[in-house]
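S.K.: The sequence isn't on hand, but the structure is:
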């Protein structure tokens with residue numbers, strides 16, 4: 001692969017994550033803008049022969065696969081702005097239905113079938129927080145037993161797990177033991 005240039009759909013944050021994940025030798029990568037990161041990445045990719053494989057997030061085993069991944073459009077950014085806005089707006093309409101006490105008369109939708117059809121259609125974009133929230137609220141619907149689960153990529157799921165772990169609080173508890181104890185005061 002002679003001509004290597006990352007596709008423009010990869011964001012600065014995505015490039016930084018890839019550099020850190022594959023431990024590419026670019027120091028202080030967070031201090032650079034996207035153009036500077038791309039310039040440094042091009043230089044590094046010309047000179048590097050091996051990388052640490054990643055089978056968890058991207059399923060990339062070697063340098064050539066990483067180059068191919070970077071040359072192709074970002075899989076997470078496959079929606080146009082218009083399509084993304086339509087999906088988010090549909091999710092907001094369903095969230096509004098849930099917030100209004102699951103009352104169909106107060107919602108945009110005319111039937112539960114149409115509402116659930118739309119929810120199933122947009123649940124495949126579970127990387128967006130609005131879609132995950134919509135699914136959680138909709139799964140609490142007392143008028144339906146149908147459960148809809150968002151499709152979340154491995155990378156986003158790992159980020160969600162890390163946030164959940166960071167937000168868990170340790171609760172100190174009092175432990176009482178029975179028995180005879182001797183206390184000395186000096």
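M.R.: Noted; the coordinates are in hand. Owing to the predicted nature of the structure, the values given are computational and were not obtained by experimental measurement.

S.K.: just checking, what packs against whatever helix or strand residue 95 lives in?
M.R.: Secondary structure from DSSP states H and E places residue 95 in helix 81-99. Helix 81-99 sits against helix 112-122, helix 129-138, with contacts defined as 3 or more C-beta pairs under 8 Å, 6 or more residues apart in numbering; DSSP states H and E. Glycine gets a C-beta too; all of them are placed from N, C-alpha and C.

S.K.: and residue 60, what are its phi and psi?
M.R.: phi -110, psi 130 (degrees, to the nearest 10).

S.K.: should've said residue 144
M.R.: phi -150, psi 150.

S.K.: Residue 32 against residue 41, yeah?
M.R.: No - Residue 32 is not in contact with residue 41 according to C-beta atoms under 8 Å; the separation is 9.9 Å.

S.K.: Among these two, which residue is more densely surrounded?
M.R.: Neighbour count, other C-beta atoms under 10 Å: between residue 32 and residue 41, residue 41 has more, with 22 against 17.

S.K.: Was I right to think the more buried one contacts residue 14?
M.R.: No - applying C-beta under 8 Å, one finds residue 41 not in contact with residue 14, separated by 11.4 Å.

S.K.: before we move on, the earlier item: now do the buried residues in the helix holding residue 95.
M.R.: Buried residues in helix 81-99, counted by 16 or more other C-beta atoms under 10 Å: 87, 88, 90, 91, 94, 95, 97, 98.

S.K.: pLDDT added to those residues, as CSV?
M.R.: Listed next are those as CSV, based on pLDDT from 0 to 100:
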residue, pLDDT
87, 92
88, 93
90, 94
91, 94
94, 93
95, 94
97, 91
98, 91
